[in-house]
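Q: sequence? don't have it. structure:
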């Protein structure tokens, strides 16, 4: 049993997630480029970027804690791989366990923790500012995100396994087809944008303000791991939302087409949002998530209780 | 709360030129700002004094790649001011056309960069794509995209061919719908409103106090434009509006620039359609001793040139004052109290141009330059250390 789980982790959690994540990253970059009258990168560009960074020298700033600085990228990477494994296991077999969606929610905050840790470990004013912004951002979006994820749980009769939520959707249609599900999906997509730290919520990195913010001191392999984690998140988050709201990914017959459409659709939505908005200030992001977004998420929860 | 220094520069992805802003921050709020420039000094005034009057025009053109018309324009006006002379009407029209083309592409460049600073890269790419059309127009008219080499004391160097005029007019007309679209996209975007309105306010009083120039002052309700106040070129020949807004925030500065682009299109088109049929050059032979001043409205504000002649074929003193020199100190009034996020766009809002502004080097009595790049770097580091120590931050 343990052996099988390890295989799942390595094959689905790391390899397939990384490949799919880089593909998603390419879609994002290519669509962005076309929107901006540019040609855009070739399909292998995200992969080439990672490989190139892997081969570069790793510089550790003088006077920082090496352990904290270098383990920060791995923290997020492992968490994302674990999330992906849990999702795949639920998707392909009924290998979930009670409360696995809670574990997923928990693990999904870890990449942000890794980023915060790495930023503070860098001992750089830009990185510290970036880290404090990331902290505020996490506090801003976690509440509405959890509320939004509660909606499918409530609708499926308080299912504690992702597999049960999927089974419920297979029987009664996707969660997003109900009013509360649609609201919760919209909320979750906004939170996904913030979790990915993309415009308009890219204040922690804010190239033109903080010169990369939290990542400013990173180079070589640790930076590559950060980038890879971001690419993988670009796959894992749409995957998670798809499992919770859109009936998950299926690979039998015509369903493959739907799977690809759901996935590319969610990635394209992320891309469109990031290309049609300027960066908001961190206090504006906070107000946005705690104000309208949380209210919408709470309303969706109430509607779900009422069975709408 | 502890104070921290956030350095922006000398090399920073915010702005493409070397400049150094020391933002003193408490948390995210800026409580103090210091500006240090001087990384880009090239000694152009001195260089200009070693060239003949005609040749200097080319040197002056290279003060700035964006204001590559405003500087020669101001310079030739200064030379023409040394003695009484009249520039042919056609030359005045051609000068106006080139100057307005420059204003359009400069404002579009700013708009794109402002979008980029806000993380709105779509606006960046779209504005610059549109700017290409104008650069093509300039290439048709002058043969060059940026440094046009059209100006000479007494007139212009190259005529505009009549067969080019319809092509250029068609091209200018073709950009107007896209310009309208960008204007709508920028001015009606609620997120941009949230980011730009009420940010970096330069009040009317402060604008006057700091002698702010160009769009920076016009956005604060100070109706100041050399083209209206002391008309030169062909600006008094047609109707056009000076764009003045009242709020003085970053949003209004954007509004002024975007709306000015439409006025520039109008002026450029009028000049092309009504190009008088005269000579293009007054053929100045000698410049008598004397001194002259020339000022023009560059895209960033009033550019001012002073020229002294001793009757030889050279300038013996040439002084340049670029608009950024006057607009830079307004940071003191606009940045303090806002967040670091706002500071970046406020810094960009005056459309700063440091290569225009830098014309000072420290030399010893024997004329040797006293500080090189390494010295400046060391001094700037020492100064940063000093400030950090004085503020007691680590």
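A: Good, I have the coordinates. Small disclaimer: the values here were computed from a predicted structure and weren't measured. Numbers count the residues shown, from 1 in each chain, chains lettered A, B, ... in the order given.
Q: Quick check, the residue in the stretch 201-308 of chain A closest to chain B?
A: residue A:279 (3.3 Å; Cβ to the nearest Cβ). Bear in mind the C-beta positions are built from the backbone N, C-alpha and C, glycine included.
Q: OK, contacts around the closest residue to that residue other than its chain neighbours?
A: Spatial nearest neighbour of residue A:279, chain neighbours left out: residue B:119 (3.3 Å); criterion: Cβ to Cβ, 6 or more residues apart in numbering or on different chains. Counting by Cβ atoms under 8 Å, 6 or more residues apart in numbering or on different chains, residue B:119 touches A:199, A:200, A:202, A:206, A:207, A:208, A:278, A:279.
Q: Repeat the analysis, applying 7 Å as the threshold.
A: Residue B:119 sits next to A:199, A:202, A:206, A:208, A:278, A:279 when contact means Cβ atoms under 7 Å, 6 or more residues apart in numbering or on different chains.
Q: least confident pick among the residues you listed?
A: Minimum pLDDT across those is recorded for residue A:208, with 72.
Q: what about whichever strand or helix holds that one, distance to the chain center?
A: If you go by DSSP states H and E, residue A:208 is part of helix A:207-210. When distances are taken as Cα atoms, centre = their mean, to the nearest Å, helix A:207-210 is centred 22 Å away from the chain's centroid.
Q: need the next SSE after it, C-terminal direction.
A: Heading C-terminal from helix A:207-210, the first helix or strand you meet, by DSSP H and E, is helix A:220-245.
Q: on that earlier part again, the helix holding residue A:208 - contacts with which helices or strands?
A: Applying 3 or more Cβ pairs under 7 Å, 6 or more residues apart in numbering or on different chains; DSSP states H and E, we find helix A:207-210 packed against helix A:125-155, helix B:340-349.
Q: what about residue 149, neighbour count?
A: Defaulting to chain A. Using other Cβ atoms under 10 Å in any protein chain shown, residue A:149 has 24 other residues around it.
Q: meant chain B actually
A: Around residue B:149 there are 16 other residues, counting by other Cβ under 10 Å.
Q: So it: helix, strand or coil?
A: coil (DSSP: H, G, I helix; E, B strand; the rest coil).
Q: contacting residues around it?
A: Counting by Cβ under 7 Å, 6+ apart, residue B:149 has contacts B:58, B:61, B:142, B:157.
Q: Now do the contacts for the first one.
A: With contact taken as Cβ under 7 Å, 6+ apart, residue B:58 is in contact with residue B:149.
Q: element containing it?
A: Using DSSP H and E, residue B:58 sits in helix B:53-61.
Q: How far away from the center of its chain is that helix?
A: Mean-position distance between helix B:53-61 and its chain equals 18 Å (Cα atoms, centre = their mean).
Q: go on, stretch A:43-57?
A: With Cα atoms, centre = their mean, you get 21 Å for stretch A:43-57.
Q: Check which residues of that stretch are buried.
A: For stretch A:43-57, burial by neighbour count (16 or more other Cβ atoms under 10 Å in any protein chain shown) applies to A:46, A:47, A:49, A:50, A:53.
Q: Can you read off the pLDDT for residue A:1?
A: For residue A:1, pLDDT reads 45.
Q: could you measure the closest residue to residue A:142 other than its chain neighbours against residue B:111, distance?
A: Among residues not flanking residue A:142 along the chain, residue A:109 sits closest, at 6.7 Å (Cβ to Cβ, 6+ apart). Residue A:109 sits 38 Å away from residue B:111, going by Cβ to Cβ, to the nearest Å.
Q: More neighbours: these two, which one.
A: More neighbours surround residue B:111 than the other of residue A:109 and residue B:111, with 26 against 16 (other Cβ under 10 Å).
Q: Is that one in contact with residue B:127, as I believe?
A: Yes: using Cβ atoms under 7 Å, residue B:111 is in contact with residue B:127, at 4.4 Å.
Q: what's the pLDDT at residue A:149?
A: So, for residue A:149, pLDDT stands at 89.
Q: quick one, strands of chain B?
A: Assigned by DSSP state E, chain B shows strands spanning B:3-8, B:20-26, B:29-36, B:151-152, B:155-156, B:290-298, B:301-309, B:315-321.
Q: nearest to chain A, of these?
A: Closest approach to chain A among these is made by strand B:3-8 (5.6 Å; Cβ to the nearest Cβ).
Q: between the closest one and helix B:340-349, how big is the angle?
A: Relative orientation of strand B:3-8 versus helix B:340-349 (axes from the mean of the first three to the mean of the last three Cα atoms, to 10 degrees): 40 degrees.
Q: Next, the buried residues of strand B:3-8.
A: B:3, B:4, B:5, B:6, B:8.
Q: tell me, which of those residues make contact with chain A?
A: B:4, B:5, B:6 (Cβ under 7 Å from any Cβ of the partner chain).
Q: and the closest residue to the last one other than its chain neighbours, what does it touch?
A: Ranked by Cβ to Cβ, 6+ apart and with sequence neighbours excluded, the top spatial neighbour of residue B:6 is residue B:23, at 4.4 Å. Going by Cβ under 7 Å, 6+ apart, residue B:23 touches B:6, B:8, B:30, B:33, B:340, B:343.
Q: re earlier: mind telling me what element the residue of the stretch 201-308 of chain A closest to chain B is part of?
A: Assigned by DSSP H and E, residue A:279 falls within no helix or strand.
Q: Could you pull up phi and psi at it?
A: Residue A:279 adopts backbone torsions of phi -70, psi 140, taken as degrees, to the nearest 10.
Q: Just to check, it is in contact with residue A:203?
A: Yes: the pair residue A:279 and residue A:203 passes the contact test of Cβ under 7 Å, sitting 6.3 Å apart.
Q: contacting residues around residue B:11?
A: Contacts of residue B:11 (Cβ under 7 Å, 6+ apart): residue B:18.
Q: What pLDDT is listed against it?
A: pLDDT at residue B:11 comes out at 77.
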